[in-house]
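K.L.:
When you get a sec, could you give me coordinates for this:
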Amino acid sequence: MMRGSKKKKKKWDTGRSPVSELPDDLLVEIISRLIYKSTCCCQCVSTRWRDLISHPDHRKKLSQSTLAGFFFETWDTKKVSRRYQSVSGNWRPPINSSLSFLPRCEKLHILDCCNGLLLCKCWQDTDRKILDYVVCNPATEKWVVVPATNWSSKLYKAHLGFDPVVSSHFHVFEFVPTYVWDGDKSGDHSQRYIKVVGIYSSKAGVWTRQRAWDLPIETVHFIGSAFLTGILYLTSNNDLVATVDVDGNCSSVRVPKPHCPGCAYDVYVSRGHLYIANCDASEISIWVLEDFSTAKWTLKLNVSYELLFGTRYSSHDDHCCVISAHPEHNVIFIIVKYTLYWRSLVELFSYEMDSKELRLICDLGRESSFPYLSYVPLFSESLADEH
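P.N.:
Next up, the predicted model:
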């Protein structure tokens, strides 16, 4: 009797297959007819296929990612719950919003989401000051631990940088403010003024601590971020968008329209460009950054709340914010918090900028809170030292 019933799968040798004889243009044309999930899998076939798919000249020809929904959290008097809201139908298998595949811990918060990966902060059962970051892929239920730093337990926010077209490795950005709340002192706990950034590289497997910047960055509530071509973008005060690259170098670009106190604005990536959304007391304006070096912005949308929502929206009691945009289509997603007949509502809308069609997706519940993290499923990329 032969020992073992499993047979080893023969690896496909693309170097000797007929496919290897195809010219690059024809191979790209074939791959362009595949759906996005299959295109991701093609990157794992060989180095040649990966380079063809990731080449900037070919990206527009190939199937792009599809926004599936949003991760967010709800707060009540007893606990924090993780939620997921679909915006493009049901995925199979369904998205596990509880993230039950992650290691058990006393408390877990989702901090950021970038191109299919989630960055979470996990507190241990034994000591609330002992924690780790976990980067996971909800589509494959794979995860990897990122060790915390001496600052991690005192910080409210960290960001994730990941672009699967460029590399399967990710970066975690941890920002150290000029003032850190220790839990006992009163005062300004916003942690807005950032002086140092620590960056974790999954490729190197270590954190690097950069020197303090000459002028600290004052961020706006750390609502969100955008990662594009190896650079993390953050909205900041003084009408600037701050940038941090994977080496910790900081820069900024002036926003196209000065914001008024109390208004909300955020950055996001769509169709390979950086966009900024400005939501002031009466209208939404959307701008795209055409040239970083010259701070050239182009206005894409300017629409009033009255035109969008009619008379039921009151600028005195209600709050409107653009939370994201579709990666490929001219569609933005809007959160509106308002009171209707003495009932508090948090509603999620989509707005098609070309057809000017506003669509109510759902009521997220009055306990839902920022950040609302847009999620694009990632099926093929693996994580180093994954579980």
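
K.L.:
Could you use CA atoms for every contact and neighbour count after this?
P.N.:
Fine.

K.L.:
what residues are up against the spatially closest residue to residue 254 that is not a sequence neighbour?
P.N.:
Counting by Cα to Cα, 6 or more residues apart in numbering, residue 254 lies nearest to residue 240, which is 4.4 Å off, once chain neighbours are set aside. Applying Cα atoms under 8 Å, 6 or more residues apart in numbering, we find residue 240 in contact with 252, 253, 254, 255.

K.L.:
Now for the protein, the helix or strand with the poorest mean pLDDT.
P.N.:
helix 56-59 (a mean of 64; mean pLDDT, DSSP states H and E).

K.L.:
Direction included, what does the helix or strand just after that one pair up with?
P.N.:
Next along the chain after helix 56-59, taking DSSP states H and E as the criterion, comes strand 69-75. Pairing partners of strand 69-75, with direction, according to DSSP bridges: strand 80-86 (antiparallel), strand 368-375 (antiparallel).

K.L.:
What are the contacting residues of strand 69-75?
P.N.:
When contacts are defined by Cα under 8 Å, 6+ apart, strand 69-75 is touched by residues 80-88, 97, 110, 367-376.

K.L.:
Which positions in it come out as buried?
P.N.:
Of the residues in strand 69-75, those scored as buried under the neighbour-count criterion (16 or more other Cα atoms under 10 Å) are 69, 70, 71, 72, 73, 74.

K.L.:
got the residues you listed as a markdown table, with pLDDT and distance to residue 291 columns?
P.N.:
As requested, the buried residues of strand 69-75 are exported to a markdown table (pLDDT from 0 to 100; distance: Cα to Cα, whole Å):
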| residue | pLDDT | distance to residue 291 |
| --- | --- | --- |
| 69 | 89 | 30 |
| 70 | 92 | 29 |
| 71 | 91 | 31 |
| 72 | 88 | 32 |
| 73 | 83 | 35 |
| 74 | 83 | 38 |
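
K.L.:
Could you dump those into TSV with distance to residue 200 added?
P.N.:
TSV is the format used below for the buried residues of strand 69-75 (distance: Cα to Cα, whole Å):
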residue	distance to residue 200
69	27
70	25
71	23
72	24
73	25
74	29
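
K.L.:
Among the residues you listed, which pair sits farthest apart?
P.N.:
When Cα to Cα is used, the two most widely separated members of the buried residues of strand 69-75 are 69 and 74, lying 15.8 Å apart.

K.L.:
After the helix or strand hosting residue 234, which helix or strand is next?
P.N.:
Taking DSSP H and E as the criterion, residue 234 maps to strand 231-236. Going down the chain from strand 231-236, the next helix or strand is strand 240-245, by DSSP H and E.

K.L.:
chain center to that following strand: distance?
P.N.:
Using Cα atoms, centre = their mean, to the nearest Å, the distance from the centre of strand 240-245 to the centre of the chain it belongs to is 16 Å.

K.L.:
Likewise for stretch 94-105?
P.N.:
On the basis of Cα atoms, centre = their mean, stretch 94-105 sits 18 Å off its chain's mean C-alpha point.

K.L.:
Now do that stretch, average pLDDT.
P.N.:
Across stretch 94-105, the average pLDDT comes to 83.

K.L.:
How about residues contacting that stretch?
P.N.:
The list of residues contacting stretch 94-105 from outside it, by Cα under 8 Å, 6+ apart, reads 71, 82, 83, 84, 122, 123, 124, 125, 138, 139, 141, 143.

K.L.:
bridging residues for the fourth one?
P.N.:
The residues paired with residue 84 through beta bridges, assigned by DSSP bridges, are residue 71.

K.L.:
Quick one: residues contacting it.
P.N.:
Residues near residue 84 by Cα under 8 Å, 6+ apart: 69, 70, 71, 72, 95, 97.

K.L.:
where in the stretch 51-200 of the chain is pLDDT low?
P.N.:
Regions of the stretch 51-200 of the chain meeting the criterion pLDDT under 70 cover residues 54, 56-65, 76-78, 89-93, 125-129, 156, 178-193.

K.L.:
tell me which strands and helices whatever helix or strand residue 345 lives in is in contact with?
P.N.:
Under the criterion DSSP H and E, the helix or strand holding residue 345 is strand 343-352. Counting by 3 or more Cα pairs under 8 Å, 6 or more residues apart in numbering; DSSP states H and E, the packing neighbours recorded for strand 343-352 are strand 331-340, strand 357-363.

K.L.:
Any buried residues in that strand, and which?
P.N.:
Within strand 343-352, the residues that qualify as buried are 345, 346, 347, 348, 349, 350, 351, 352, counting by 16+ other Cα under 10 Å.
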